[in-house]
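Student: Using only what follows, build the 3D model:
(chains A and B)
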Amino acid sequence: MRAAAERAFMTTSTTTYTASELLAVMSAGLLCDGQVVFAGVGIPLLAATLAQRLHAPGLTILFEGGTIGAFVEPGKLPPSTNEQRCTRRANMVLSSTDVLLLLQRGYVDIGFMGGAQIDQYGNLNSSFIGDPQHPTSRLPGSGGGNDIASLTQMIVAMRHEKRRFVKKVDFVTSPGFLAGDNSRCDAGLVAGGMYRVVTDLGMLGFDERSKRMELLALHPGVTADQVQQNTGFELLIASEVPVTNPPTENELAALRHLDPDRIYTA
Amino acid sequence: MLTLAYNELRRRTGERDRSLREKVMSLEAAAALVPDGASVGIGGSTLSRTPMAMIWALIRAGRKELVCARSITSSEGELLLASGASRHVLTSWFSQGIVWGVSRIMRLYTEGNRARFEEWSHMAVGLRFRAGAMGVPFLPMRSMMGSDVVAQLPDTRQIDCPFTGEKLVLVPALNPEFALIHVQRCDAYGNAQIDGLPFMDLDLAMAANRVILTTERIVSNDQIRRAPDQTKIPFLTVDAVVEVPFGSAPHECYGLYEPLFKHLDAYAAQLRQNPEEGIAAYLERFFYGPKSWTEYLDLLGLEELLDASRRGKSIYDD
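Tutor: Presented below is the predicted three-dimensional model:
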């Protein structure tokens, strides 16, 4: 597990952190220096900024509002990816359509989003809970989510709950591997796909052939049974499931410096 | 579907007075240009450069059945629905903002079938405006395929590319009857300079059949001509110019003021308790109550406006 290996420091058992902080630190660990990452608002924005400050100073962060090369200031997190705070010390601003077209043209290595509901093939739903014709709950919708998930490799950071990890999403807002196997490619989505799902319980990936979700690593103190119990479908479990290193004092301090008011990490 | 046949698009453009002429008018006069039932493209995105003063004026004028299209829709969308000015919002994302949770008003109106939230991907909205700006009936794109977003949009087509055989989705041009766009400054002719994020506003201006600009201030044509590279919207697309200081408040205008966060927090809290009564009371107090935009700003309060200005201008600090 690359993320675990890269996080060389051990930490004392006295370190405490919230589930959101764990998510932010663990997903930041997946981003590499030199990559171009398209980050959504919330934990992704925070984790990408954290990676940029810790181990990936050459990470280029794009926001769908139109920012290229964001360098978000500590304590000044934007309320969405469309406000002036996103542009502080950036390399460029351009139209939101054009920054999204960079995805289509193939300039982006990683898309990084949160998720409300995900299924065994990594399809994300942020549109409807229940029957889309008569929903129990209408959610805010795709935003750039569909475009990002359609056009590049994806990291998703989300809470691991049974109601969020379902066998089949009520509505495919942002495509993962659709119905598995080659169905994504057959639908016309010839590039990208789900790479990792980072949760507060562990790290997940997708089987190369079937495209089903697979447990790759556990966070400290979590068992594979516990992950399965919090998942609404049968998970594949890698032959070896290592344990990730917990967030270090250094990582948590950097994270809390970025989000002192806990806007995204409450 | 908001896509016009090309000869109709050209006919409407041909009828417009595109000469270099002064177009300055009051907020009320500009609102009177927009009839009930009009399709309206709204500039900016989420909390940024929202043409709030124009929306405020349309709601005060009792406008009905507007079809509103915007890249991402925030509290202005809630106010358009709750005031009865619109029952159809075309957008990619609709809630006040992630930090305030899912919009209760959006939920109430869409779940109860009192309004339509027509969801397209963000890039699809952008390419629809761009096709409209280009004078072509559609553009091809590579996202949305295989998803339920495209499955529930009858106004899309999937094709095999005639050159490569690859699968593509076609999204139709969006040529709204009106564009409402707020800018930092423009001249009396409508040469508009935009600082910071441009969002989809140039495409929107070129796609629309008429453009109403609101601006923080009107500058001279001489000043525009000293830096033509800063002009982002050409005057010949513009039909009305209205000077409205703090015209996006309580949202932000790049480099001038950030969002009025205390006001937006209080608004969200008021809606959380009882969405319908909360927003009705908000509309009464801030939209219908004030006699003028200045009185509205008075209600927002000098302290918050000054704080938002200080934060807004700080983007230029080292």
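Student: Now the closest residue to A:Val36 other than its chain neighbours. Its backbone dihedrals?
Tutor: Leaving out its chain neighbours, the residue that sits closest to A:Val36 by CB to CB, 6 or more residues apart in numbering or on different chains is A:Thr60, at 4.6 Å. No exception for glycine: its C-beta is placed from N, CA and C like everyone else's. Torsion angles at A:Thr60 (phi, psi; degrees, to the nearest 10) stand at phi -100, psi 120.
Student: And A:Thr60, how far from A:Leu124?
Tutor: Relative to A:Leu124, A:Thr60 is positioned 24 Å away (CB to CB, to the nearest Å).
Student: ditto for A:Ala149
Tutor: 6 Å.
Student: list the residues that contact both of the two?
Tutor: Taking CB atoms under 8 Å, 6 or more residues apart in numbering or on different chains as the contact rule, A:Ala149 and A:Leu124 both touch A:113, A:174-176.
Student: ok, which pair from these is furthest apart?
Tutor: A:Met113 and A:Pro175 (12.2 Å; CB to CB).
Student: what residues are up against the nearest residue to B:Arg21 once chain neighbours are set aside?
Tutor: In this structure, B:Arg21 finds its nearest non-sequential neighbour in B:Tyr189, 6.7 Å apart by CB to CB, 6+ apart. Neighbouring residues of B:Tyr189 by CB under 8 Å, 6+ apart: B:20-23, B:221, B:235, B:238, B:241.
Student: Next: A:Val197.
Tutor: Counting by CB under 8 Å, 6+ apart, A:Val197 touches A:115, A:118, A:122, A:155-158, A:203-205, A:213.
Student: what's the neighbour count on A:Asp261?
Tutor: 10 (other CB atoms under 10 Å in any protein chain shown).
Student: and the residue nearest to it when sequence neighbours are not counted, which of the three is it?
Tutor: Excluding the flanking residues, the one nearest A:Asp261 by CB to CB, 6+ apart is A:Gly75, at 7.2 Å. Following DSSP: H, G, I helix; E, B strand; the rest coil, A:Gly75 is assigned to coil.
Student: what's the distance between A:Gly75 and chain B?
Tutor: Taking CB to the nearest CB, to the nearest Å as the measure, A:Gly75 falls 12 Å from chain B.
Student: Check A:Ala24 too.
Tutor: To chain B, A:Ala24 is 15 Å away according to CB to the nearest CB.
Student: State the number of residues packed around A:Thr136.
Tutor: Applying other CB under 10 Å, we find 10 residues neighbouring A:Thr136.
Student: Can you pull the phi/psi pair for it?
Tutor: Backbone torsions of A:Thr136, given as degrees, to the nearest 10, read phi -70, psi -30.
Student: Compare A:Met113 and A:Pro175 (neighbour count), which wins?
Tutor: Legend: neighbour count by other CB under 10 Å for A:Met113 and A:Pro175, higher for A:Pro175 (30 against 24).
Student: got any ranges where chain A has weak pLDDT?
Tutor: A:1-14 (pLDDT under 70).
Student: can you give me the strands in it?
Tutor: Assigned by DSSP state E, the strands in chain A fall at A:36-39, A:60-63, A:67-68, A:92-93, A:110-114, A:117-118, A:124-125, A:128-129, A:137-138, A:153-157, A:193-198, A:202-206, A:213-218, A:236-237.
Student: any idea how far stretch B:287-306 is from the chain center?
Tutor: The chain centre lies 21 Å from the centre of stretch B:287-306; the measure is CA atoms, centre = their mean, to the nearest Å.
Student: From chain B, how far out is A:Leu178?
Tutor: When A:Leu178 is compared with chain B (using CB to the nearest CB), they lie 5 Å apart.
Student: since we're on that residue, how many residues are nearby?
Tutor: 23.
Student: ditto for B:Arg285
Tutor: 13.
Student: all helices of chain B, in order?
Tutor: Remark: helices assigned in chain B by DSSP state H are B:6-15, B:27-32, B:52-60, B:75-82, B:104-111, B:122-134, B:148-151, B:201-207, B:221-226, B:261-273, B:275-282, B:293-300, B:302-313.
Student: Show the average pLDDT along the shortest one.
Tutor: The predicted model gives helix B:148-151 an average pLDDT of 97.
Student: For that helix, give me every contacting residue.
Tutor: Contacts with helix B:148-151, where a contact means CB under 8 Å, 6+ apart, come from A:127, A:132, A:142, A:146, A:171-173, B:119-121, B:144, B:156, B:158, B:169.
Student: repeat that for 7 Å
Tutor: If you take CB atoms under 7 Å, 6 or more residues apart in numbering or on different chains as the criterion, helix B:148-151 is touched by A:142, A:146, A:171-173, B:119, B:121, B:144, B:156, B:169.
Student: Same check on the last one?
Tutor: Contacts of helix B:302-313 from elsewhere in the structure, counted by CB under 7 Å, 6+ apart, are B:246, B:249, B:252, B:255-260, B:262-263, B:297.
Student: All the helices of chain A, in order from the start?
Tutor: A:2-6, A:19-28, A:43-54, A:96-105, A:145-151, A:183-186, A:224-229, A:249-258.
Student: Can you add mean neighbour count and distance to A:Gln84 and give the ones you listed back as JSON lines?
Tutor: Putting the helices of chain A into JSON lines (neighbours: other CB atoms under 10 Å in any protein chain shown; distance: least, CB to CB, whole Å) gives the following:
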{"stretch": "helix A:2-6", "mean neighbour count": "14", "distance to A:Gln84": "32"}
{"stretch": "helix A:19-28", "mean neighbour count": "25", "distance to A:Gln84": "23"}
{"stretch": "helix A:43-54", "mean neighbour count": "26", "distance to A:Gln84": "15"}
{"stretch": "helix A:96-105", "mean neighbour count": "22", "distance to A:Gln84": "14"}
{"stretch": "helix A:145-151", "mean neighbour count": "30", "distance to A:Gln84": "22"}
{"stretch": "helix A:183-186", "mean neighbour count": "18", "distance to A:Gln84": "37"}
{"stretch": "helix A:224-229", "mean neighbour count": "14", "distance to A:Gln84": "40"}
{"stretch": "helix A:249-258", "mean neighbour count": "18", "distance to A:Gln84": "18"}
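Student: So which of those helices is nearest B:Leu58?
Tutor: Nearest to B:Leu58, of all the helices of chain A, is helix A:96-105, at 24.0 Å by CB to CB.
Student: which other helices and strands contact that closest one?
Tutor: Under the contact criterion of 3 or more CB pairs under 7 Å, 6 or more residues apart in numbering or on different chains; DSSP states H and E, helix A:96-105 touches helix A:145-151, helix B:122-134.
Student: Can you lay out the ones you listed as CSV showing distance to A:Ala238?
Tutor: As requested, those are exported to CSV (distance: least, CB to CB, whole Å):
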stretch, distance to A:Ala238
helix A:145-151, 23
helix B:122-134, 35
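Student: nearest to A:Met194, of those helices?
Tutor: For the helices and strands packed on helix A:96-105, proximity to A:Met194 was assessed by CB to CB; helix A:145-151 is nearest, at 7.9 Å.
Student: any idea how far the closest one is from the chain center?
Tutor: Worked out by CA atoms, centre = their mean, helix A:145-151 lies 13 Å from the chain centre.
Student: Ok, stretch A:49-56 next?
Tutor: Distance of stretch A:49-56 from the chain centroid (CA atoms, centre = their mean) equals 15 Å.
Student: Kind regards, and thank you for your time.
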